[in-house]
Structure formats: C-alpha cells, structure tokens
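In: Give me a model of this one.
(one chain, ligands or ions: 2)
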Amino acid sequence: MNLYNKVVKYVDDTFGGKKSHFERAVYWYGKFIPNITEAHKIAAYAHDIERGINGEKDRDYLNREFYIAHSEKGAKIIGEFLEKNGADIETINKVKHLISKHEVGGDTEQNALMDADSISYFETNAEYFVKNRIKEDGYEKIKGKFDWMFNRISSDEHKKFARENYEKWSKELEKYK
Ligand SMILES: [Fe+2]
Ligand SMILES: [Fe+2]
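Out: Ligands and ions are numbered 1, 2, ... in the order given. Just a heads-up that it's a prediction; the model follows:
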C-alpha cells in the first residue's frame, strides 16, 4: 500500500469511514495546486485528523485559538503517523506545514488548503450542522461557524465555489433561529 493509501485508511478508521469531506477537500486542493504531490494530497485528506482522534465535544467555533490548537495538534498527530510509516522527512515536514495552518491560512499553499476545506465543508458538512449539530450548539454558534468558514476563503475566485452552498445552508439555518 502506498503512503497516501495508508493515510486514507488511517483517517477512515479514525472517522468511522466518513470520507466525503476529505475526498472533496482533496478534489478542490487538486484544482488549486498545479502539479499536486502526494504530500499535498495527504494533507488534504488528513487535515482534520485531530477531530477524529480527540472527538467532537465542546467545539468552540467562535474562538480563533480553538482552530489554531486543532490545526497544530493535527499536524503533530499526522507527523507521528507518517514517521512510523517510513515517510521521508520532506514529506513529513510538508504535510505538517500544510495542516498546521489549514484553519487560519498562511502562505499560498496553506491558504489553498484552507479554501479547499471551506468549499468541501459547505458541500459535505453544513447540512449536518443545520439539521443536527444545532440541537447541541444553537443558532448563534452555527451561524458563526458558517460565516467563519466562508469569510476566511482567501480570494473571490475561490469564494465563487462555496457561495451557492454557503447561501443555501445559511438560509436553511434561519428556520432554526
Ligand atoms: Fe479543521
Ligand atoms: Fe475540514
């Protein structure tokens, strides 16, 4: 099994086989990164590994520090996994670099992963937040999450790919106000 497939299996096992958010993140990242490498694909598929390992309780969606901690812990977790699985140091460092800023952005490639994550979020996760997560978290928190996920997208060009779903799920969310 190649390294990427090992990561896919690790992420799938960790998340109980919920693949769509990660597959769509890889898809969009491939659109934004010319000559996408294995390291880029690994970063896109495994970007939320922290959430899979540590669970989804008490997600502080309105706090920037929460997102930074989630990203940095995820970089560490995947770095250790890659090391155990014999990845070379360049790949390990690249993946860690990309995941460590996937929520807040940084350089062009970190921004592109953040954008791919947001676009994928509105395709694959937003519905669940409107219909299920709202029961625990309430309207304000979900609204905050939606606005954060859309507004952080680093260019108007990339926002185009998320806008329709952002508007659709934001409208749906108003029913729960
Ligand atoms: Fe994340
Ligand atoms: Fe994500």
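
In: So the residue most central in space within the chain versus ligand 2, what's the distance?
Out: Geometric centre of the chain, nearest residue: residue 117, 4.2 Å, by Cα atoms, centre = their mean. Separation of residue 117 from ligand 2 (Cβ to the ion, to the nearest Å): 4 Å. (C-beta placed from N, C-alpha, C; glycine too.)

In: Pull the contacting residues for that residue.
Out: Residues near residue 117 by Cβ atoms under 8 Å, 6 or more residues apart in numbering: 25, 47, 48, 102, 103.

In: mind checking how far it is from residue 151?
Out: Residue 117 sits 14 Å away from residue 151, going by Cβ to Cβ, to the nearest Å.

In: again with residue 136
Out: In terms of Cβ to Cβ, residue 136 sits 23 Å off from residue 151.

In: try residue 109
Out: Using Cβ to Cβ, residue 109 is found at 20 Å from residue 151.

In: Give me the more crowded residue out of those two.
Out: residue 109 (18 against 10; other Cβ atoms under 10 Å).

In: Mind telling me what element the more buried one is part of?
Out: helix 108-124 (DSSP states H and E).

In: Now do the longest helix along the chain and helix 108-124, the angle between them.
Out: Ranked by residue count and defined by DSSP state H, the top helix of the chain is helix 64-84. Relative orientation of helix 64-84 and helix 108-124, computed by axes from the mean of the first three to the mean of the last three Cα atoms, to 10 degrees: 100 degrees.

In: Off-centre distance for the next helix or strand after helix 64-84?
Out: Using DSSP H and E, the next helix or strand after helix 64-84 towards the C-terminus is helix 89-100. Mean-position distance between helix 89-100 and its chain equals 15 Å (Cα atoms, centre = their mean, to the nearest Å).

In: sorry, back to before: residues touching the longest helix of the chain, excluding its own?
Out: Against helix 64-84 from outside (Cβ under 8 Å, 6+ apart): 3, 7, 10, 42-43, 46-51, 53-54, 59-60, 91-92, 95-97, 99-104.

In: What's the PyMOL syntax to select whichever of those are buried?
Out: Buried residues within these, by 16 or more other Cβ atoms under 10 Å, are selected in PyMOL with:
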select buried, resi 3+7+10+42+43+46+47+48+49+50+59+91+92+95+96+97+99+100+101+102+103
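
In: Same question for stretch 126-144: list its buried residues.
Out: 126, 129, 130, 133, 134, 137, 141, 142, 143.

In: Redo the residues you listed as a markdown table? Include secondary structure.
Out: A markdown table is the format used below for those (DSSP: H, G, I helix; E, B strand; the rest coil):
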| residue | secondary structure |
| --- | --- |
| 126 | helix |
| 129 | helix |
| 130 | helix |
| 133 | helix |
| 134 | helix |
| 137 | helix |
| 141 | helix |
| 142 | helix |
| 143 | helix |
